[in-house]
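S.K.: sequence and computational prediction follow.
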Amino acid sequence: MSAVKLEHLVKTFGDLIAVSELSLDVREGEIYGLLGPNGAGKSTTIKMIMGLLDPDSGLATVFGIDSTDNPVEVKRMVGYVPEEQQLYDSLTPRELFDFVASIRQLPSDKASKRAKEFAKALDFSQHYDKMIVTLSQGNKQKTMLIAALLHAPKLLILDEPFSGLDVRSAKIMKDIVRIHAENGGSVLLSTHVMEVAQGLCDRVGIIDEGLLIAEGTLDELRSRAHKDGATLESLFLKLTEQEEEVEEGVSVIREALAE
Ligand SMILES: Nc1ncnc2c1ncn2[C@@H]1O[C@H](COP(=O)(O)OP(=O)(O)O)[C@@H](O)[C@H]1O
Ligand SMILES: [Mg+2]
């Protein structure tokens with residue numbers, strides 16, 4: 001069974017087609033990267049998977065459960081870290097984790113032990129009793145990640161998980177994603193930073209203007225673009241036909257600087 005299955009998913013906002021006939025699968029146990037530039041439709045897709053937005057048409061399911069019909073059941077199976085944090089500013093991380101544990105009906109000693117382990121791994125322990133509002137973007141993100149992992153979800157959905165993280169924290173975040181997958185968990189992450197996916201994702205789907213334009217392993221995409229050893233970034237530009245535009249832009253800048 002697929003962890004996530006999207007079938008002809010469509011979402012419009014007025015005249016804008018944010019997600020267009022999107023079909024894809026995230027297999028159980030894999031790390032799947034949804035790649036695309038800003039505005040491509042990644043967050044909109046993820047919100048439909050979480051049942052936070054209703055699609056105009058098409059179907060999103062999580063382990064066979066329809067996201068629109070049964071969002072509560074979907075949320076039970078997923079640990080979700082949104083792009084924009086919706087945190088309770090006046091709480092401390094410790095209070096937030098206790099709160100999440102009680103909502104999720106987790107045994108509190110087990111949940112707090114788990115939270116402390118993650119906090120230690122993420123080098124976050126010293127922020128445990130500070131008000132969330134005072135934390136940096138990266139530390140708010142870690143707070144969200146720990147909260148999302150408390151109930152040991154089968155599927156992790158991370159929307160732009162590496163933005164705002166320093167190099168060390170990004171490395172730890174990657175390790176957590178890998179460990180989750182090694183333990184049989186599935187991961188769907190979105191990013192507009194191509195290097196993030198390289199070496200982390202088992203498969204990637206590239207979306208542009210709401211359309212899936214390519215999908216596969218990095219090697220498969222390379223062979224499709226007839227570029228051996230190409231970086232994901234150059235493949236992305238080629239597949240979205242921005243390569244020439246970018247080259248033109250670069251040569252304009254080069255000339256301007258040479259003057
Ligand atoms: N609530 C909304 N109302 C109107 N337009 C929206 C809304 N949410 C997203 N959009 C538009 O839909 C497109 C896709 O957005 P989004 O899914 O956030 O892209 P991404 O996450 O890939 O950057 C963008 O053009 C964005 O401006
Ligand atoms: Mg987004």
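M.R.: Okay, I see it. Ligands and ions are numbered 1, 2, ... in the order given.
S.K.: span of stretch 96-112 from start to end?
M.R.: 11 Å (CA to CA, to the nearest Å).
S.K.: and for it, what are the contacting residues?
M.R.: Applying CB atoms under 8 Å, 6 or more residues apart in numbering, the external contacts of stretch 96-112 come out as 87-88, 91, 115, 132, 143, 146-147, 150-151. For every residue, glycine as well, the C-beta is placed using N, CA and C.
S.K.: and which of those is nearest residue 70?
M.R.: residue 151 (17.1 Å; CB to CB).
S.K.: mind showing which ranges of the stretch 1-150 of the chain have poor pLDDT?
M.R.: Residue ranges of the stretch 1-150 of the chain with pLDDT under 70: none are present.
S.K.: how about the residues of it near ligand 1?
M.R.: By the rule CB under 6 Å from any ligand atom, the part of the stretch 1-150 of the chain lying against ligand 1 is 13, 16, 18, 36, 38-44.
S.K.: so what touches the helix or strand harbouring residue 25?
M.R.: Residue 25 is located in strand 16-27, with elements delineated by DSSP states H and E. With CB under 8 Å, 6+ apart as the test, strand 16-27 has contacts from 2-12, 32, 41, 44-45, 48, 55, 58, 155, 186-188, 203, 205, 207, 209-212, 215.
S.K.: return the subset of these lying in helices.
M.R.: 44-45, 48 (DSSP state H).
S.K.: just the buried ones from these, in ChimeraX syntax?
M.R.: A single ChimeraX command is used to select the members of the ones in helices among the contacts of strand 16-27 judged buried by 16 or more other CB atoms under 10 Å:
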select :44,45,48
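S.K.: name the nearest of the ones in helices among the contacts of strand 16-27 relative to ligand 2.
M.R.: Ligand 2 has its nearest neighbour among these in residue 44, at 7.8 Å by CB to the ion.
S.K.: near ligand 2, from the residues of the stretch 1-150 of the chain next to ligand 1?
M.R.: Contacts with ligand 2 within those, as defined by CB under 5 Å from the ion: 42-43.
S.K.: on that earlier part again, pairing partners for the strand holding residue 25, with directions?
M.R.: Strand 16-27 sits in its sheet next to strand 2-13 (antiparallel), going by DSSP bridges.
S.K.: quick check: angle from the partner strand to helix 42-49?
M.R.: On the basis of axes from the mean of the first three to the mean of the last three CA atoms, to 10 degrees, strand 2-13 is oriented at 120 degrees to helix 42-49.
S.K.: just the C-alphas of strand 2-13, formatted as CSV.
M.R.: Taking only C-alpha atoms (Å, rounded to 0.1, in the frame of the first residue of the first chain), the coordinates of strand 2-13 have been written out as CSV:
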residue,chain,number,x,y,z
SER,A,2,1.1,3.5,-0.7
ALA,A,3,1.8,5.9,2.1
VAL,A,4,0.4,8.7,0.0
LYS,A,5,-1.5,8.4,-3.2
LEU,A,6,-2.7,11.4,-5.3
GLU,A,7,-5.0,10.9,-8.2
HIS,A,8,-5.7,13.7,-10.6
LEU,A,9,-5.6,16.2,-7.8
VAL,A,10,-6.8,19.7,-8.8
LYS,A,11,-6.9,22.9,-6.7
THR,A,12,-7.7,26.4,-8.1
PHE,A,13,-7.8,29.8,-6.4
